[in-house]
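[1] got a predicted structure plus its sequence, pasted below:
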Amino acid sequence: MSVLRVLLVAITAVVFVVVPSAQASTNVVPNPGFEQGGCGGNTPVICGWTANQSMAQDTTNSHSGSASLSLSGINAFPLWATTDPAFCALIGPGAHSASFWYRNTSSAVYLDAAFYQAADCTGPSAGDELQGLGPTTGDAWQEASGALVAPPGTRSALFWVGVETECDVLCEDPVWGNFDDVDVEGAVESTPAISSFTPTSGPVGASVDIQGTSFIGATSVKFNGTADPSFVVTSSTDITAHVPTGATTGPISVTTLGGTATSSSLFTILLPPTISSFTPASGPAGTTVDIHGTNFTGATSVKFNGTGDPSFVVNSPIDITAHVPAGATSGPISVTTPGGTATSGGLFTVTPSPPTITSFTPTSGPVGTSVSIAGTDFTGASSVTFNGAAASYTVNSPTSITAHVPSGATTGPISVTTPNATGTSSTTFTLTTPPPTVTSFAPTSGTVGTSVTITGTGFTGVTSVTFAGVSAASFTFNSDNSINAVVPAGAKTGSIAVTTHNGTGMSASNFTVTTPPPKITGFTPTQGHPGTSVTITGSNFTGAISVKLGTASAKFTVNSPTRITATVPAIPHGFYRWSVTNPAGTAISTSYFRVF
């Protein structure tokens, strides 16, 4: 059963004819060969057609082109595909020659038309049908041709192709069919419409995306009457065009078989800029240059012989204020806008720039301090001064100099002189008093309490003296070059440091703290059997490595520099002396311990 038998009241049957005739001259839809995929974002797999069951492209055996329309389903439902309302075809009343090709069908096939009195396929409708024989087998194509008759008042139509299904009760028999080259004389797609385009302005050659409806089959795209020969119809709602040579500001138009659509807004042609003059004609980097010309609006770049000026200002369509950028060389000036690039006929001459000092580090220090000076145009520097005092220096690059604070320098600005001029820093370099230095000391080793003479420079105002980080118990300032200090308790081998308000000076070599030999002053108890705990008193016990009773080694614990706890070893009865040994020597008790 065809779809129009269900949807339409009035249908006039047309006798089918199966002949290998030529195709009609006008197509139902812009793609009667079914070669296209989906239309833009639409979901149908074939552009312009929608099916009620299964629809697909068949590329294995098309009548013409690269694919045909394949329909399949079950007999429980009608099987058809219809042109999408987005492809509503304009058509007038009367008989319209029609044909379609088909093959491999499960039963009779048909081409139906729904004719509408409105131009947009809405409102009252009537129908007609063109049938084809079936079923058919194999890959041989057959053509059904005849006419579809539109009633008076017809202005538009939608079309169906389908396979007859005559199942009286619910059944699951498969149905199928292939269609190609559907033609209806006098049917054209709806009049196109332009809804928008982007961008809204651009130069010749710019790509423009045009949005709207019914673009399939477009034959012309024009910019204010000037045709674009390279436009591409990407879908029924989208065209990619390019602004053609000779185009002027005005509307965009799209022409199809259905008519011509003209945009309601104008596309603005961006003309290329021109440079007529600039002043001054020469100057160093940083010079302000006034550029005159035309079409400067929207300028994106101003360059001096290829080097961009990041700070230019477009004052008007005919005037730009620019600045000669660092690194620019003599040559033409160019201005770039969305409309193109203009290059000056005359050359701008870049003259040598005076040096500039942008920063220096450190910002303070004593005589001899190495100072890194940053700036511009240092090449050929002939002098570097610290508040007028000439310094030794090295030019590392046009932007970097290394100088040393000279004798006689005072707090003040730094200056760099080149053959072009002198550049002076905006900030001052502060001359400071150098920190002290420790050049030697004597003796080079000793025990805690030893007096050490320290020699160096800048000792005036000394605030501390340390031995390996431990503050000296006392020190005496002799002169700017001499200090006497006493090795403090807890000091270890390490460098000697002298600190003043100007900093800290540290010796290059270490002072060696020596350990004094131990002394035993007594022990308790004075007698006992093996295993008895004995407390030995004295001095310099720190670092003890051995405790003996007689010649027998005893277990011991150093409790402090003045006390050791030892255990009487297993030795014969008798009288013995205690001994304590550290790295500096051995102490032996004067009295005897009785072992019983």
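    Cool, the structure landed.
[2] going by C-alpha atoms from here, please, whenever you check contacts or count neighbours.
    Fine.
[3] number of nearby residues for the nearest residue to Thr457 once chain neighbours are set aside?
    Once flanking residues are discounted, Thr457 sits nearest to Asn481: 4.7 Å by C-alpha to C-alpha, 6 or more residues apart in numbering. Per other C-alpha atoms under 10 Å, the neighbour tally for Asn481 reads 17.
[4] so what's Asn481 scoring on pLDDT?
    We have a pLDDT of 96 for Asn481.
[5] state the phi and psi torsions of it.
    The phi/psi pair for Asn481 (degrees, to the nearest 10) reads phi -120, psi 0.
[6] wait, isn't Pro152 in contact with Pro93?
    Yes. Here Pro152 reaches Pro93: they are 5.1 Å apart, a contact under C-alpha atoms under 8 Å.
[7] between those two, which is the more surrounded one?
    Pro93 (18 against 11).
[8] so how far is Thr82 from the more buried one?
    21 Å (C-alpha to C-alpha, to the nearest Å).
[9] for Pro152, same thing?
    For Pro152 relative to Thr82 (C-alpha to C-alpha), the value is 23 Å.
[10] got it, and Thr300?
    Taken as C-alpha to C-alpha, the span from Thr300 to Thr82 is 52 Å.
[11] the two: which is more packed in?
    Neighbours were counted for Thr300 and for Thr82 using other C-alpha under 10 Å; Thr82 has more, 19 against 15.
[12] quick one: contacts for the most centrally placed residue in the chain?
    A centroid search over the chain (C-alpha atoms, centre = their mean) returns Pro310, at 21.5 Å, as the residue closest to the centre. Counting by C-alpha atoms under 8 Å, 6 or more residues apart in numbering, Pro310 touches 301-302, 325.
[13] just among the residues you listed, which is most surrounded?
    Val302 (28 neighbours).
[14] from Ser156, how far out is the nearest residue to that residue once chain neighbours are set aside?
    Distance criterion C-alpha to C-alpha, 6+ apart; nearest residue to Val302, sequence neighbours excluded, is Val335 at 4.7 Å. Distance, Val335 to Ser156, using C-alpha to C-alpha: 54 Å.
[15] returning to that earlier point: who touches the residue nearest to Thr457 in this structure?
    455-459.
[16] just Ile483 next, same as before
    453-455, 459, 475-477.
[17] so it: helix, strand or coil?
    strand (DSSP: H, G, I helix; E, B strand; the rest coil).
[18] could you measure from it over to Thr460?
    10 Å.
[19] what sits in contact with each of those two?
    Phe477.
[20] and Pro517, how far is that from Thr565?
    From Pro517 to Thr565 the distance is 18 Å (C-alpha to C-alpha).
[21] can you pull the contacts of the closest residue in space to Lys492 that isn't next to it in sequence?
    Leaving out its chain neighbours, the residue that sits closest to Lys492 by C-alpha to C-alpha, 6+ apart is Val513, at 5.6 Å. Taking C-alpha under 8 Å, 6+ apart as the criterion, Val513 is in contact with 445-448, 491-493.
[22] before we move on, what about Thr411?
    Each residue near Thr411 by C-alpha under 8 Å, 6+ apart is listed here: 386-387, 428-431.
[23] returning to that earlier point: from Gly286, how far off is the residue nearest to Val302?
    18 Å.
[24] neighbour count winner among these two?
    Val335 (25 against 14).
[25] quick one: list the elements packing against the one helix or strand the more buried one maps to.
    Using DSSP states H and E, Val335 maps to strand 331-337. For strand 331-337, the helices and strands in contact under the criterion 3 or more C-alpha pairs under 8 Å, 6 or more residues apart in numbering; DSSP states H and E are strand 301-304, strand 340-350.
[26] paired strands for whatever helix or strand comes next after the last one, with orientation please.
    Think strand 340-350. For strand 340-350, the following helix or strand on the C-terminal side (DSSP H and E) is strand 356-361. Applying DSSP bridges to the sheet, strand 356-361 is found paired with strand 370-376 (antiparallel).
[27] ok, the closest residue to Gly286 other than its chain neighbours - how many residues close by?
    Excluding its sequence neighbours, the residue lying closest to Gly286 (C-alpha to C-alpha, 6+ apart) is Val324, at 4.9 Å. Residues near Val324, counting by other C-alpha under 10 Å, number 27.
[28] can you check Gly138 too?
    The burial count for Gly138: 8, using other C-alpha under 10 Å.
[29] quick one, phi/psi of the nearest residue to it once chain neighbours are set aside?
    In this structure, Gly138 finds its nearest non-sequential neighbour in Asn104, 5.6 Å apart by C-alpha to C-alpha, 6+ apart. For Asn104, the backbone dihedrals (degrees, to the nearest 10) come out as phi 50, psi 60.
[30] does Asn104 touch Pro135 like I think?
    Yes. Counting by C-alpha under 8 Å, Asn104 touches Pro135, with 7.2 Å between them.
[31] now do the strands in the stretch 101-250 of the chain.
    109-116, 125-132, 142-150, 156-163, 174-184, 188-189, 193-198, 201-202, 207-213, 220-223, 226-227, 232-235, 238-242 (DSSP state E, counting those that start in this stretch).
[32] strand partners of the first one, parallel vs antiparallel please.
    Counting by DSSP bridges, the strands paired with strand 109-116 are strand 125-132 (antiparallel), strand 156-163 (antiparallel).
[33] which positions within the helix or strand where Thr466 lies qualify as buried?
    Taking DSSP H and E as the criterion, Thr466 maps to strand 464-467. Going by neighbour count (16 or more other C-alpha atoms under 10 Å), the buried part of strand 464-467 is 465-467.
[34] show residues contacting stretch 427-440.
    Applying C-alpha under 8 Å, 6+ apart, the contact partners of stretch 427-440 are 363-367, 386, 409-414, 454-459, 496-508.
[35] and for stretch 389-401?
    372-379, 381, 383-385, 402-410.
[36] picking up where we left off before, please check the contacts of Thr411 and keep the buried ones.
    386-387, 428-431.
[37] I'd like those residues laid out as JSON lines, including secondary structure.
    Conversion of the buried ones among the contacts of Thr411 to JSON lines gives the following (three-state DSSP):
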{"residue": "Phe386", "secondary structure": "strand"}
{"residue": "Asn387", "secondary structure": "coil"}
{"residue": "Thr428", "secondary structure": "strand"}
{"residue": "Phe429", "secondary structure": "strand"}
{"residue": "Thr430", "secondary structure": "strand"}
{"residue": "Leu431", "secondary structure": "strand"}
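[38] rewinding a little: out of the strands paired with strand 109-116, which one sits most buried?
    Of these, the one with the most neighbours on average (mean count of other C-alpha atoms under 10 Å) is strand 156-163, at a mean of 28.
[39] show me how far that one is from its chain's centre.
    Taking the mean of its C-alpha atoms, strand 156-163 sits 53 Å from the chain's own mean (C-alpha atoms, centre = their mean, to the nearest Å).
[40] and the angle from that strand to strand 174-184?
    Strand 156-163 runs at 150 degrees relative to strand 174-184, counting by axes from the mean of the first three to the mean of the last three C-alpha atoms, to 10 degrees.
[41] by how many degrees do strand 156-163 and strand 142-150 diverge?
    Using the same axes, to 10 degrees, strand 156-163 lies at 150 degrees relative to strand 142-150.
[42] and Thr493, what does it touch?
    467-468, 510-513.
[43] helix or strand for the nearest residue to it once chain neighbours are set aside, which one?
    Using C-alpha to C-alpha, 6+ apart and skipping the chain neighbours, the partner closest in space to Thr493 is Thr512 (4.5 Å). Assigned by DSSP H and E, Thr512 belongs to strand 503-513.
[44] related to what we said a few turns ago, just the buried members of the contacts of Ile483?
    Buried, going by 16+ other C-alpha under 10 Å: 453-455, 459, 475, 477, out of the contacts of Ile483.
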